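**Q** Structure for this input, please:
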Amino acid sequence: MNLGERYLRLGDMLLHRGELNSRKLKRGLKVAHETRRRLGDVLIDLGYASEEVVTRCLAEQYGFVYEDLSQVQPDPAALKRLTPEFALKWCILPLEDGERFKCVIADPLNVELSDTIAAIARKPVSLTLAGKPSLQHAVRVAYGLPIPKVAKGRRRLPQPEAIMQRDRVLLLEAINFELGIDQSLRRAS
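**A** Okay, here's the model as predicted:
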(Lines give C-alpha, C1' and ligand atoms only; values in the text may rest on other atoms or scores of the structure.)
Protein backbone atom coordinates (compact mmCIF):
# COMPACT_ATOMS: atom_id res chain seq x y z
CA MET A 1 0.00 0.00 0.00
CA ASN A 2 1.46 3.40 -0.96
CA LEU A 3 1.78 6.07 1.71
CA GLY A 4 -0.71 8.24 -0.16
CA GLU A 5 -3.39 5.56 -0.06
CA ARG A 6 -5.97 5.39 2.70
CA TYR A 7 -5.05 3.11 5.60
CA LEU A 8 -7.21 0.00 5.69
CA ARG A 9 -7.71 -2.11 8.77
CA LEU A 10 -7.24 -5.86 8.42
CA GLY A 11 -10.97 -6.61 8.31
CA ASP A 12 -11.53 -3.93 5.68
CA MET A 13 -8.65 -5.29 3.58
CA LEU A 14 -10.11 -8.82 3.71
CA LEU A 15 -13.57 -7.50 2.79
CA HIS A 16 -12.17 -5.40 -0.07
CA ARG A 17 -10.31 -8.43 -1.47
CA GLY A 18 -13.37 -10.66 -1.22
CA GLU A 19 -11.67 -12.98 1.27
CA LEU A 20 -14.32 -12.35 3.92
CA ASN A 21 -17.98 -11.28 4.01
CA SER A 22 -19.39 -8.71 6.42
CA ARG A 23 -21.22 -11.33 8.52
CA LYS A 24 -18.01 -13.26 9.18
CA LEU A 25 -16.11 -10.05 9.87
CA LYS A 26 -18.75 -8.96 12.38
CA ARG A 27 -18.55 -12.34 14.13
CA GLY A 28 -14.75 -12.25 14.12
CA LEU A 29 -14.70 -8.74 15.59
CA LYS A 30 -17.12 -9.81 18.33
CA VAL A 31 -15.03 -12.86 19.27
CA ALA A 32 -11.81 -10.82 19.14
CA HIS A 33 -13.31 -8.22 21.47
CA GLU A 34 -14.73 -10.81 23.89
CA THR A 35 -11.52 -12.83 24.06
CA ARG A 36 -9.13 -9.86 23.80
CA ARG A 37 -7.34 -11.51 20.92
CA ARG A 38 -6.15 -10.10 17.64
CA LEU A 39 -8.64 -10.19 14.80
CA GLY A 40 -6.31 -12.05 12.43
CA ASP A 41 -5.77 -14.88 14.91
CA VAL A 42 -9.50 -15.14 15.54
CA LEU A 43 -10.35 -15.23 11.82
CA ILE A 44 -7.80 -17.99 11.25
CA ASP A 45 -9.03 -20.02 14.24
CA LEU A 46 -12.65 -19.67 13.11
CA GLY A 47 -11.66 -20.87 9.64
CA TYR A 48 -12.85 -17.62 8.03
CA ALA A 49 -9.45 -16.75 6.53
CA SER A 50 -6.24 -18.63 5.88
CA GLU A 51 -2.99 -17.93 7.68
CA GLU A 52 -1.35 -16.94 4.40
CA VAL A 53 -4.08 -14.46 3.40
CA VAL A 54 -4.09 -12.79 6.82
CA THR A 55 -0.29 -12.63 6.93
CA ARG A 56 -0.07 -11.18 3.41
CA CYS A 57 -2.56 -8.46 4.40
CA LEU A 58 -0.61 -7.68 7.57
CA ALA A 59 2.64 -7.52 5.60
CA GLU A 60 1.10 -5.04 3.18
CA GLN A 61 -0.56 -3.08 5.96
CA TYR A 62 2.67 -2.60 7.93
CA GLY A 63 5.15 -2.38 5.05
CA PHE A 64 6.80 -5.79 5.40
CA VAL A 65 7.71 -8.30 2.73
CA TYR A 66 5.77 -11.56 2.99
CA GLU A 67 8.18 -14.49 3.24
CA ASP A 68 7.24 -17.78 1.60
CA LEU A 69 8.90 -20.17 4.04
CA SER A 70 8.96 -23.00 1.50
CA GLN A 71 11.44 -20.91 -0.50
CA VAL A 72 13.96 -20.10 2.25
CA GLN A 73 17.10 -21.86 3.42
CA PRO A 74 18.51 -20.33 6.62
CA ASP A 75 22.24 -19.70 6.74
CA PRO A 76 23.87 -21.76 9.55
CA ALA A 77 25.80 -18.64 10.67
CA ALA A 78 22.52 -16.78 11.12
CA LEU A 79 21.02 -19.64 13.11
CA LYS A 80 23.98 -19.52 15.52
CA ARG A 81 23.12 -15.91 16.44
CA LEU A 82 19.97 -16.98 18.32
CA THR A 83 19.44 -19.94 20.59
CA PRO A 84 16.80 -22.41 19.42
CA GLU A 85 14.77 -21.72 22.58
CA PHE A 86 14.78 -17.96 21.99
CA ALA A 87 13.92 -18.35 18.30
CA LEU A 88 11.03 -20.69 19.06
CA LYS A 89 9.70 -18.70 22.00
CA TRP A 90 9.64 -15.40 20.10
CA CYS A 91 8.91 -16.97 16.71
CA ILE A 92 11.99 -15.73 14.82
CA LEU A 93 13.73 -17.50 11.97
CA PRO A 94 17.22 -16.10 11.28
CA LEU A 95 17.96 -16.28 7.54
CA GLU A 96 21.13 -14.33 6.74
CA ASP A 97 24.00 -12.87 8.72
CA GLY A 98 25.60 -10.44 6.29
CA GLU A 99 25.76 -6.65 6.46
CA ARG A 100 22.24 -6.92 7.81
CA PHE A 101 20.82 -9.64 10.03
CA LYS A 102 17.80 -10.90 8.10
CA CYS A 103 15.05 -12.65 10.05
CA VAL A 104 11.45 -13.72 9.55
CA ILE A 105 9.05 -12.75 12.32
CA ALA A 106 5.34 -13.33 12.91
CA ASP A 107 4.30 -10.14 14.70
CA PRO A 108 4.73 -6.88 12.78
CA LEU A 109 3.67 -4.85 15.83
CA ASN A 110 6.28 -6.16 18.26
CA VAL A 111 8.76 -3.28 18.09
CA GLU A 112 10.51 -4.41 21.27
CA LEU A 113 11.32 -7.72 19.61
CA SER A 114 12.75 -5.92 16.57
CA ASP A 115 14.95 -3.86 18.88
CA THR A 116 16.00 -6.98 20.76
CA ILE A 117 17.05 -8.72 17.54
CA ALA A 118 19.11 -5.66 16.55
CA ALA A 119 20.75 -5.57 20.00
CA ILE A 120 21.66 -9.26 19.81
CA ALA A 121 22.95 -9.01 16.23
CA ARG A 122 24.75 -5.71 16.89
CA LYS A 123 23.97 -4.65 13.35
CA PRO A 124 20.99 -3.42 11.32
CA VAL A 125 18.20 -5.94 10.85
CA SER A 126 16.00 -6.72 7.91
CA LEU A 127 12.67 -8.27 8.89
CA THR A 128 10.14 -10.12 6.77
CA LEU A 129 6.81 -11.58 7.81
CA ALA A 130 5.29 -15.08 7.86
CA GLY A 131 2.37 -16.68 9.66
CA LYS A 132 3.05 -17.85 13.22
CA PRO A 133 2.19 -21.57 12.89
CA SER A 134 4.22 -21.91 9.69
CA LEU A 135 7.07 -19.95 11.20
CA GLN A 136 7.12 -22.06 14.36
CA HIS A 137 7.34 -25.17 12.19
CA ALA A 138 10.16 -23.64 10.09
CA VAL A 139 12.09 -22.71 13.26
CA ARG A 140 11.78 -26.28 14.55
CA VAL A 141 13.00 -27.69 11.23
CA ALA A 142 15.90 -25.20 10.93
CA TYR A 143 17.17 -25.92 14.44
CA GLY A 144 16.45 -29.65 14.31
CA LEU A 145 13.90 -29.48 17.13
CA PRO A 146 11.16 -32.09 17.56
CA ILE A 147 7.96 -31.37 15.66
CA PRO A 148 4.82 -31.91 17.74
CA LYS A 149 2.34 -34.34 16.27
CA VAL A 150 -1.19 -33.10 15.74
CA ALA A 151 -4.03 -35.58 15.39
CA LYS A 152 -5.36 -35.68 11.84
CA GLY A 153 -8.58 -33.81 11.30
CA ARG A 154 -8.25 -31.84 14.53
CA ARG A 155 -7.07 -28.27 14.61
CA ARG A 156 -4.76 -27.48 17.44
CA LEU A 157 -6.15 -24.51 19.33
CA PRO A 158 -3.68 -21.91 20.54
CA GLN A 159 -2.66 -22.19 24.18
CA PRO A 160 -3.52 -19.24 26.47
CA GLU A 161 0.13 -18.22 26.76
CA ALA A 162 0.37 -18.01 22.98
CA ILE A 163 -2.74 -15.86 22.84
CA MET A 164 -1.75 -13.31 25.43
CA GLN A 165 0.56 -10.43 24.56
CA ARG A 166 4.13 -11.17 25.57
CA ASP A 167 5.14 -9.91 28.98
CA ARG A 168 7.72 -7.13 28.97
CA VAL A 169 9.64 -8.67 31.89
CA LEU A 170 10.06 -11.96 30.00
CA LEU A 171 11.35 -10.07 26.99
CA LEU A 172 13.90 -8.20 29.10
CA GLU A 173 15.01 -11.44 30.74
CA ALA A 174 15.43 -13.02 27.30
CA ILE A 175 17.50 -10.03 26.12
CA ASN A 176 19.72 -10.23 29.18
CA PHE A 177 20.12 -13.99 28.75
CA GLU A 178 21.11 -13.59 25.09
CA LEU A 179 23.54 -10.78 25.94
CA GLY A 180 25.01 -12.77 28.86
CA ILE A 181 24.02 -10.32 31.61
CA ASP A 182 23.80 -12.04 34.99
CA GLN A 183 20.39 -11.27 36.54
CA SER A 184 21.54 -11.97 40.11
CA LEU A 185 24.08 -9.12 39.86
CA ARG A 186 21.47 -6.69 38.53
CA ARG A 187 19.00 -7.46 41.31
CA ALA A 188 21.66 -7.01 44.01
CA SER A 189 22.49 -3.47 42.88
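
**Q** count of neighbours near residue 142?
**A** For residue 142, the neighbour count with other Cβ atoms under 10 Å is 21. All C-beta atoms are positioned from the backbone trio N, CA, C, and that covers glycine.

**Q** now swap in residue 41 and tell me
**A** Neighbour count of residue 41, defined by other Cβ under 10 Å: 19.

**Q** any idea which element it lies in?
**A** Assigned by DSSP states H and E, residue 41 belongs to helix 39-46.

**Q** what residues are up against residue 22?
**A** Contact partners of residue 22, counting by Cβ atoms under 8 Å, 6 or more residues apart in numbering, are residue 15.

**Q** before we move on, what about residue 143?
**A** Taking Cβ under 8 Å, 6+ apart, we find residue 143 in contact with 79, 84, 87-88.

**Q** can you put those in TSV and add distance to residue 20 and secondary structure?
**A** Listed next are the contacts of residue 143 as TSV, based on distance: Cβ to Cβ, whole Å; DSSP: H, G, I helix; E, B strand; the rest coil:
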residue	distance to residue 20	secondary structure
79	36	helix
84	36	helix
87	32	helix
88	30	helix
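
**Q** Show me the one in those residues that has more neighbours than the rest.
**A** Neighbour counts for the contacts of residue 143, by other Cβ under 10 Å, peak at residue 87, which reaches 24 neighbours.

**Q** okay but it is in contact with residue 104, surely?
**A** No. Shown here, residue 87 and residue 104 do not form a contact pair, counting by Cβ atoms under 8 Å, at 10.2 Å.

**Q** Give the residues shared as contacts by the two.
**A** With contacts taken as Cβ under 8 Å, 6+ apart, the residues that reach both residue 87 and residue 104 are residue 93.

**Q** Kindly indicate which of the contacts of residue 143 lies nearest residue 43.
**A** Residue 43 has its nearest neighbour among the contacts of residue 143 in residue 88, at 24.3 Å by Cβ to Cβ.

**Q** give the contact list for the closest one.
**A** By Cβ under 8 Å, 6+ apart, residue 88 lies in contact with 136, 139-140, 143, 145.
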